[in-house]
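*Asks:* Sequence and predicted structure below; questions after.
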Amino acid sequence: MLTGSTTLARLFSVDTVTGLIDNQPGMKRHLSSMRGMFHDTEAVAAMLAEGDPLLYEFYDLGLPATAGDLAVGTSIVLPGKVGDEYYMTKGHFHEVLEAAEVYHCLAGHGYMIMESPEGEWEAAELHPGSAVYVPGRYAHRSVNVSPTDKLITFFAFRADAGHDYGTIEHQGFRKLVVERNGKPELVDNPAWQKGRS
Ligand code: S6P
Ligand code: ZN
């Protein structure tokens, strides 16, 4: 319950099992919207011939996109692979490049892959309870490495940061997360181009 003399505060609930936030509407991304992002293009084509699986969805509170507000929400990546590469988000830089973001893992097992415009990279392993502070200037992508469970994270960043998807669509991330001998492994992306600096 929320009580007080103003109506500025917001009380909301985050379901740690489903990742849903009250009745907020979400955005869904299917494989067809990420055709060029998985390294095994034949696997992409074969899967799309059978359907168009949902890879992830995300929800936010829909607060105003001002510098003083925070964009707050959840991201839910389904379990699965395209060839040997795990389901993941598109990933993006923020248009306000310096805008950092924090993610708290609520459920599942995954990685946050991060990369600066200069090609420096970091990967943070996520389990329930772990949180990662994605520094300003770093592109970020969530990858679900569980064979069975959704990867659910809660995020917050300055609400006017915006999203630059084009750079990652063009150059990719330097590291891919693939399954090797039944385990996740980070490997170099042979198609990576250093494109932004
Ligand atoms: C936004 C934040 C997340 C992502 C979501 C989907 O800055 O990082 O809400 O939007 O995880 O990923 P993407 O790369 O498709 O936006
Ligand atoms: Zn972001």
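*Replies:* Yep, that arrived. Ligands and ions are numbered 1, 2, ... in the order given.
*Asks:* residues near the closest residue to residue 40 other than its chain neighbours, how many?
*Replies:* Once flanking residues are discounted, residue 40 sits nearest to residue 83: 3.1 Å by C-beta to C-beta, 6 or more residues apart in numbering. C-beta here means a position set from N, CA and C on the backbone, and glycine is covered the same way. For residue 83, the number of neighbouring residues by other C-beta atoms under 10 Å comes to 16.
*Asks:* list the contacts for residue 83?
*Replies:* When contacts are counted by C-beta atoms under 8 Å, 6 or more residues apart in numbering, residue 83 is found next to 38-40, 42-44.
*Asks:* Next: residue 163.
*Replies:* Contact partners of residue 163, counting by C-beta under 8 Å, 6+ apart, are 92-95.
*Asks:* from those, which is closest to residue 180?
*Replies:* Set against residue 180, the nearest of the contacts of residue 163 by C-beta to C-beta is residue 92 (26.7 Å).
*Asks:* Tell me the predicted confidence for that closest one.
*Replies:* Model confidence at residue 92, given as pLDDT, is 98.
*Asks:* Quick check: phi and psi at it.
*Replies:* When quoted as degrees, to the nearest 10, the phi and psi of residue 92 stand at phi -160, psi 160.
*Asks:* Now do it against residue 127, distance only.
*Replies:* 24 Å (C-beta to C-beta, to the nearest Å).
*Asks:* One more: residue 110?
*Replies:* 9 Å.
*Asks:* For this protein, what lies in contact range of ligand 1?
*Replies:* For the chain, the contact set with ligand 1 under C-beta under 6 Å from any ligand atom comprises 29, 58, 73, 75, 89-92, 101, 140, 142, 155, 157, 163.
*Asks:* Only the buried subset of those residues, as a PyMOL command please.
*Replies:* Only the buried members of these enter the following PyMOL selection, criterion being 16 or more other C-beta atoms under 10 Å:
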select buried, resi 58+73+75+89+90+91+92+101+140+142+155+157
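*Asks:* Can you tell me which of the residues of the chain next to ligand 1 end up in strands?
*Replies:* Cross-referencing the residues of the chain next to ligand 1 against strands under DSSP state E gives 29, 58, 73, 75, 101, 140, 142, 155, 157.
*Asks:* ok, residue 176 - how many residues close by?
*Replies:* The local packing of residue 176 (other C-beta under 10 Å) involves 24 other residues.
*Asks:* Beta-bridge partners for it, please?
*Replies:* residue 187 (DSSP bridges).
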